[in-house]
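Chemist: when you get a sec, could you give me coordinates for this:
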Amino acid sequence: MSDPEFENLLLNELDNIEDLELLIIKGHILIEYSLNKFINDVNDGGINIDKTSFTFHNKITISELLGLFKRVDSLKQSIIDVNKLRNQIAHTLSYEKKLLKKLIEIFIEIDEPNSGIFKENSDFQNFYNIVIAICGLIIGRKIATEKTIKFNKYKLQMEMKNNPEKFKSEYLNFEVK
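Modeler: Predicted coordinates:
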C-alpha cells in the first residue's frame, strides 16, 4: 500500500468512530500497521514483518534498531502508552484515564501548531489527532530514512567512481566492531 493510500485508509477508518475505546483500539491497529510499513520499507527486504509473529513490543524494538526514534524522543513512549491503553481495554474492558491524559499532555507540550492537539479539546479529539500524528511521524521517518539511504548509496557510488583508490582504502577494509 502506498503512503497516500495509507493516509486515505487512516482517515477513513478513524472518521466514523464516535467511541473513544473503539478509537483507541483502531488507532493501535493503525499505529501497528505504520510500524510494519516502516520496518518493511526500511530494512531493505531483510524481513517481511507481516509474515512474522513478532509482538507489538518486538516491533517497537525493531523500529528503534532501524532508527525510528532518533529524532523524536517522545514517539517511542507515546506508542508504548497507546499499547498500554489498548491492552487495558482488551483485558479489562476499560482504560486508565490518567494514562490517556499523560499521553495527551506529552503532545500538548510538543506544541506542534498544525497537530490539532490542544488543552481545550476533548480527549476524543486529541486522541484522534495523536493517532494521526504518530502514524505521520512513523511514515515521515520512513520516507526520511529511505532518502538518507539513497543519498548515502549515491555518495558511496560517487566516491568509488571519482576516487577509486581512496574508496578501496577507506571503505573496503571497513569493519564494524
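Chemist: tell me the SS of the residue of the chain positioned farthest from its centre?
Modeler: Using C-alpha atoms, centre = their mean, the residue of the chain lying farthest from its centre is Glu165. It sits 40.2 Å away. Under DSSP: H, G, I helix; E, B strand; the rest coil, Glu165 falls in the helix class.
Chemist: cool, and Ser94?
Modeler: Per three-state DSSP, Ser94 ends up coil.
Chemist: doesn't Leu85 make contact with it?
Modeler: No - using C-beta atoms under 8 Å, Ser94 is not in contact with Leu85; the gap is 10.2 Å. C-beta coordinates here come from the backbone N, C-alpha and C atoms, glycine included.
Chemist: more neighbours, these two?
Modeler: Using other C-beta atoms under 10 Å as the criterion, Ser94 and Leu85 rank with Leu85 on top: 23 against 9.
Chemist: contact partners for that one?
Modeler: For Leu85, the residues meeting the contact criterion (C-beta atoms under 8 Å, 6 or more residues apart in numbering) are 24, 28, 95-96, 99-100, 103.
Chemist: assign it to helix, strand or coil.
Modeler: helix.
Chemist: nearest spatial neighbour of the residue most central in space within the chain, skipping sequence neighbours?
Modeler: Nearest residue to the geometric centre of the chain (C-alpha atoms, centre = their mean): Ile138, 2.7 Å. Using C-beta to C-beta, 6 or more residues apart in numbering and skipping the chain neighbours, the partner closest in space to Ile138 is Ser34 (4.0 Å).
Chemist: now Leu10: how far from Thr55?
Modeler: Applying C-beta to C-beta, to the nearest Å, the value for Leu10 to Thr55 is 23 Å.
Chemist: so between the two, which is more surrounded?
Modeler: The residue with more neighbours, out of Leu10 and Thr55, is Leu10; 21 against 10, by other C-beta under 10 Å.
Chemist: helices and strands around the strand or helix carrying that one, which ones?
Modeler: If you go by DSSP states H and E, Leu10 is part of helix 3-15. Helix 3-15 sits against helix 20-42, helix 123-162, with contacts defined as 3 or more C-beta pairs under 8 Å, 6 or more residues apart in numbering; DSSP states H and E.
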